[in-house]
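Participant: sequence plus the predicted model coming up.
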Amino acid sequence: MAGLSGGDCVKQDYVTGQIRALADAVRREGAGGEGTHSFQLAEHLAAEGGIHRGDIMAATATLLAMTAWCDGEAEAARRFAELAGEHDVESRELVTHLLRLEAGADRGWLPQEQVEALVEYARRERRGDLVSRVRAIAGTRRGRHRRED
């Protein structure tokens, strides 16, 4: 058993390192680049990390689009957004929900409409981790005024 869990730790550390490398590549390539290295790392994560290919490719393209937009590169942002839109509906839906969840975590609250949509999605997809995260974020402002926009 010890050997198995040790191997799992090594694989987890490897995958975590690859995720960090992907995040770094996205930051570097979003501003007008082609995203070549980012997409190669995403493909590698799909193959080696057990991540659904459509999910990681849609997420990578979306993050490249956001990075390009923030860097003032509207044409690159458009290209990356189009690439993100080429993936299956389920992958695009997951990325949308994860972005909303992360934005909510950053600001410390979620609009009720997003809470309901995220919980519904997480239950449908049997993602208890997302339900817990949504509840933690939505519950942080309980009893205070909550914006609904």
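Facilitator: The structure has been received and is ready for your questions. Residues are numbered from 1 along each chain as shown.
Participant: pretty sure residue 99 sits against residue 62.
Facilitator: Yes - between residue 99 and residue 62 there is a contact at 7.2 Å, judged by CB atoms under 8 Å. Placement of C-beta: from N, CA and C, glycine included.
Participant: okay, the two: which has more neighbours?
Facilitator: Neighbours were counted for residue 99 and for residue 62 using other CB atoms under 10 Å; residue 62 has more, 23 against 14.
Participant: gap between the more buried one and residue 13?
Facilitator: 26 Å (CB to CB, to the nearest Å).
Participant: kindly report the same for residue 104.
Facilitator: Distance, residue 104 to residue 13, by CB to CB: 29 Å.
Participant: for these two, indicate the residue with more neighbours.
Facilitator: In this view residue 104 and residue 13 are compared by other CB under 10 Å, and residue 104 has more residues nearby, 21 against 10.
Participant: just to check, the more buried one is in contact with residue 110?
Facilitator: Yes - using CB under 8 Å, residue 104 is in contact with residue 110, at 3.8 Å.
Participant: okay, and the common contacts of the two?
Facilitator: Residues touching both residue 104 and residue 110 by CB atoms under 8 Å, 6 or more residues apart in numbering: 134, 137-138.
Participant: by neighbour count, which of these wins?
Facilitator: Busiest of the shared contacts of residue 104 and residue 110 [other CB under 10 Å] is residue 134, holding 25 neighbours.
Participant: how far away is that one from residue 123?
Facilitator: Distance from residue 134 to residue 123, by CB to CB: 10 Å.
Participant: can you give me the strands for the protein?
Facilitator: Counting by DSSP state E, one finds no strands in the chain.
Participant: how near is the closest residue in space to residue 114 that isn't next to it in sequence to residue 27?
Facilitator: The shortest distance from residue 114 to any non-neighbouring residue, by CB to CB, 6 or more residues apart in numbering, is to residue 100 (5.1 Å). Applying CB to CB, the value for residue 100 to residue 27 is 21 Å.
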